[in-house]
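1. model the following, please.
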Amino acid sequence: MKNMPIKLSLLTVAWFAFSIAASSCLAQDKFPYESFLSKQPYFAANKTLATDSLFLQDLKIIRHYVELDSIDAELLKPNVLAALMLDQVNAGKAATFQVLIDYFQEFKRSIAYVDFRKGLILYKDMERKQVNLDNWNQDKELFIKLGFTEADLDDFKDYIINRAPKNINYKAAYVGYMKEIAALK
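-> So this is what the prediction gives:
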């Protein structure tokens, strides 16, 4: 019985601390997302960097309405978002968050989105793999998925052997190869 007031006061203190923590957690997400839907994103009118606080606020608003994973995050760069917004404006739509959010939601249901994801995953695979001709029969599958023909594969392999810098990944080899082809035109 003597310990009862101490236990009761500990419970009271614990309940008080829990109440404060719970109310502050609930209060933290009181950002007025809806009030921004009809407004123009910062990146639409300003040249911005990915680290600008107002650009980061734009991303917070977009992410609140559109579920995006690490692959989709490639779309969340200032220049990409500005280009997407410009496309929407050129199509006669307003430069607002709502228009961009609608675009993303529609895009994510399209075949183009599936192709985008496949291409980006392939590109990242190319970035991770070092050029190693001992593994060519396996590695060339990356380029077959890109649409390379047998003749393209032979030319690309020749480029890697004879003209590409040493100790590079397949992405760098691919970019160098494509630059070489573009220079021939």
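
2. domains of this structure?
-> The record's domain parsing of the chain by automatic domain parsing lists 32-109, 113-184.

3. centre of the chain to the shortest one, how far?
-> Think domain 113-184. 22 Å (Cα atoms, centre = their mean, to the nearest Å).

4. tell me which residue lies nearest the centroid of the chain.
-> Compute the mean C-alpha point of the chain, and by Cα atoms, centre = their mean the closest residue is Ala73, 1.1 Å away.

5. where does this structure dip in pLDDT?
-> When residues are selected by pLDDT under 70, those of the chain lie in 1-29.

6. strands of that one, start to end?
-> Using DSSP state E, the chain contains no strands.

7. helices of that one, start to end?
-> 4-28, 33-36, 42-45, 53-65, 78-90, 97-107, 111-128, 136-145, 150-162, 170-184 (DSSP state H).

8. let me have those in a markdown table, extended by mean neighbour count.
-> All C-beta atoms are positioned from the backbone trio N, CA, C, and that covers glycine. Converted to a markdown table, the helices of the chain look like this (neighbours: other Cβ atoms under 10 Å):
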| stretch | mean neighbour count |
| --- | --- |
| helix 4-28 | 10 |
| helix 33-36 | 14 |
| helix 42-45 | 18 |
| helix 53-65 | 16 |
| helix 78-90 | 15 |
| helix 97-107 | 17 |
| helix 111-128 | 13 |
| helix 136-145 | 14 |
| helix 150-162 | 14 |
| helix 170-184 | 15 |
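
9. contacts only, for Leu56.
-> By Cβ atoms under 8 Å, 6 or more residues apart in numbering, no residues touch Leu56.

10. quick check: it vs Asp158, distance?
-> Remark: distance between Leu56 and Asp158 (Cβ to Cβ, to the nearest Å) = 46 Å.

11. so what touches stretch 135-154?
-> 118, 122, 125-126, 129, 131-132, 156-157, 170, 174.
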